[in-house]
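K.L.:
Below: sequence and its predicted model.
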Amino acid sequence: MAKLLISALVCLAMFGSMVLASPECPTKNGRFASGDQCDAYTECQDDVPVEKLCPDGLLFHQRTKSTGECTYAPFSTCKERTRLQPANGTDECPRQFGFYPNGDQTKCGVYRNCAHGVASLTKCPEGLAFNEESYQCDWPDLVANCNAEAYLGFTCPESELVDGVAPEVDVTPEGELRYYRHPTTCKKYFVCVNGHPRLYNCGKYLAFNDKTKLCDFYNKVPECFALLKDKQRLKAQRQLPEQAQPLA
């Protein structure tokens, strides 16, 4: 009799918890992705669900089975949850939060960092362009809304004809590589990949050697070494103290 009573109490407890539990709360406490809307989530406290929205421009990322947070698009896991709240943008920002191109294909190394509807301009490292799809700075020719030639100020020369016929272009991921010195400085050079330029920098104390297609010491690149000596001479002249003027 006692055993039957205990079994009945266990079943009643299980049934009671099933009735009281909310269908929106997989566990008693936690945050959970909500329906087909990627910037919405359900926050459960003691099996009580509360529907919430991420700030405009951020998406809900389900980190574990019961934890999650609002974050930027490339770091979220929306998958088929594609619906979003209506945009609440400003003159500067399409949405309150997020990273956005500045809208000029010739200046794609600068992008807008939006927080609370206010944009601050941020620069990519020299020669790189902001990629809206990855939220990273990338080669300009790999960014859809960037004009690599106009942005870098360099157009790759056409391939030289061989017996009057243009050679086939290597379109593999490695691409066809051609190297050109920067027209205004020895420190930089362009690598043309499938006909589009990418800017490289040799760094301090080095110059691009057009013969070896590598960065080299200045004294190994005669034309650049001569320019360096002229620059050093002019700098030394500017640092000399002015000669004393004769007394009247």
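P.N.:
On my side now, so go ahead.

K.L.:
After the helix or strand of the chain with the lowest mean pLDDT, which helix or strand is next?
P.N.:
The helix or strand of the chain with the poorest confidence is helix 2-20; it has a mean of 40 (mean pLDDT, DSSP states H and E). Sequence order places strand 30-33 as the next helix or strand after helix 2-20, per DSSP states H and E.

K.L.:
Mind giving me the packing neighbours of that next one?
P.N.:
On a contact count with 3 or more Cβ pairs under 8 Å, 6 or more residues apart in numbering; DSSP states H and E, strand 30-33 meets strand 40-45, strand 59-62, strand 68-71. Bear in mind the C-beta positions are built from the backbone N, C-alpha and C, glycine included.

K.L.:
in its sheet, what does it sit against?
P.N.:
Using DSSP bridges, strand 30-33 pairs in its sheet with strand 40-45 (antiparallel).

K.L.:
residues of the next helix or strand after the strand it pairs with that come out buried?
P.N.:
Counting by DSSP H and E, the next helix or strand C-terminal to strand 40-45 is strand 48-53. Within strand 48-53, no residue is scored as buried using 16 or more other Cβ atoms under 10 Å.

K.L.:
strand partners of strand 48-53, parallel vs antiparallel please.
P.N.:
strand 40-45 (antiparallel).

K.L.:
Ok, which of the helices and strands packed on strand 30-33 comes nearest Gln237?
P.N.:
strand 68-71 (56.0 Å; Cβ to Cβ).

K.L.:
For Ala115, name its beta-bridge partners.
P.N.:
What pairs with Ala115, by the bridge criterion (DSSP bridges), is Val118.

K.L.:
Lys231: helix or strand, and which one exactly?
P.N.:
Using DSSP H and E, Lys231 falls within helix 222-239.

K.L.:
which strands and helices sit next to that helix?
P.N.:
Under the contact definition 3+ Cβ pairs under 8 Å, 6+ apart, helix 222-239 sits against strand 206-209.

K.L.:
Name every strand pairing with the strand it packs on and say which way it goes.
P.N.:
Applying DSSP bridges, strand 206-209 is found paired with strand 214-217 (antiparallel).
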